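[1] Next comes the sequence, and after it the predicted model I'd like to discuss.
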Amino acid sequence: MNKAIPKVDLKGFYIEDVEPDDSFTGAVPIYAQPEPEEAPELPEDEEEIEDEPDTPEEPEQPREIIGYLVGIPLPTGLYHPRFDLLVWNAYQDAVLEAQSDYADELHDWREQWAEGEEQGPEPVYTPPAQPDNLWIEGLTPEEIAELTKPSEATELDRIGAELVLRELETLDLRNQNEALGGQIVGLELRLLTLEGGAANV
């Protein structure tokens, strides 16, 4: 099962996780889907149409990049993650430069062998280290402070809460009064019963 990888926009801001076709590392562009070309209209009559002179084909337009798939794990703890495309592109340039330097060194080493010169050890390709800070925070410290500050209750919220509390207290008193009223009625009935019994004696 393929692991979900982050999808980012043109500025590197995280959009969502997607399931890739194949597992990979690095960052690859996502291209906009080309609009389908309209089919040419067929002639209405059956008359033979003269061949039109060949027209030069229009150069293929570069495909529009609409985002990137990033095969580098997204770290936790970022409020609005952003993949640093500038750092990534600089790293890719460094990789290409290191590969070119290695190819030149290997070519020179083989030339020495072909010319019978004394050779040193065969060159070894050493890729540059991948930067650790490719995922960065996309929000400013001020935006994070605004996002994380505790919500302050307004005066209207405070008055509303007090009104609800008073209503609950009133309801509680009403329930107590009803309970006391029931007890008083019960005592009065018992008293009447006792008085009626005493009168019959």
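    Here it is on my side, so go on.
[2] Would you mind giving the domain segments of the protein?
    Split into domains by automatic domain parsing, the chain comes to 5-33+62-148, 152-191.
[3] what's the average pLDDT for the longest one?
    Average pLDDT, domain 5-33+62-148: 89.
[4] wait, is Arg82 part of a strand?
    Yes: under DSSP: H, G, I helix; E, B strand; the rest coil, Arg82 sits within a strand.
[5] contacting residues for it?
    Val8, Lys11, Gly12, Phe13, Tyr14, Trp135, Ile136, Glu137, Gly138 (C-beta atoms under 8 Å, 6 or more residues apart in numbering). In short, each C-beta sits where N, CA and C put it, glycine included.
[6] Which among those count as buried?
    Buried by 16 or more other C-beta atoms under 10 Å: Val8, Gly12, Tyr14, Trp135, Gly138, out of these.
[7] In strands only, show me those.
    In strands, defined here by DSSP state E, the members of these are Val8, Tyr14, Trp135.
[8] How far off centre is stretch 173-184?
    Its chain's average C-alpha position is 59 Å from that of stretch 173-184, according to C-alpha atoms, centre = their mean, to the nearest Å.
[9] Next, count neighbours for the residue nearest to Gly26 when sequence neighbours are not counted.
    What sits nearest to Gly26 in space, not counting adjacent residues and going by C-beta to C-beta, 6 or more residues apart in numbering, is Gly71, at 5.5 Å. Neighbour count for Gly71, taken as other C-beta atoms under 10 Å: 16.
[10] Also the one 10 residues further on?
    Counted with other C-beta under 10 Å, the neighbours of Pro81 add up to 21.
[11] about what we covered before: could I get the ones in strands among the buried ones among the contacts of Arg82 as a markdown table with distance to Glu162?
    Below are these laid out as a markdown table (distance: C-beta to C-beta, whole Å):
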| residue | distance to Glu162 |
| --- | --- |
| Val8 | 48 |
| Tyr14 | 43 |
| Trp135 | 47 |
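[12] Off-centre distance for the longest helix seen in the chain?
    Longest helix in the chain, counting residues (DSSP state H): helix 155-199. In terms of C-alpha atoms, centre = their mean, the centre of helix 155-199 is found 57 Å from the chain centre.
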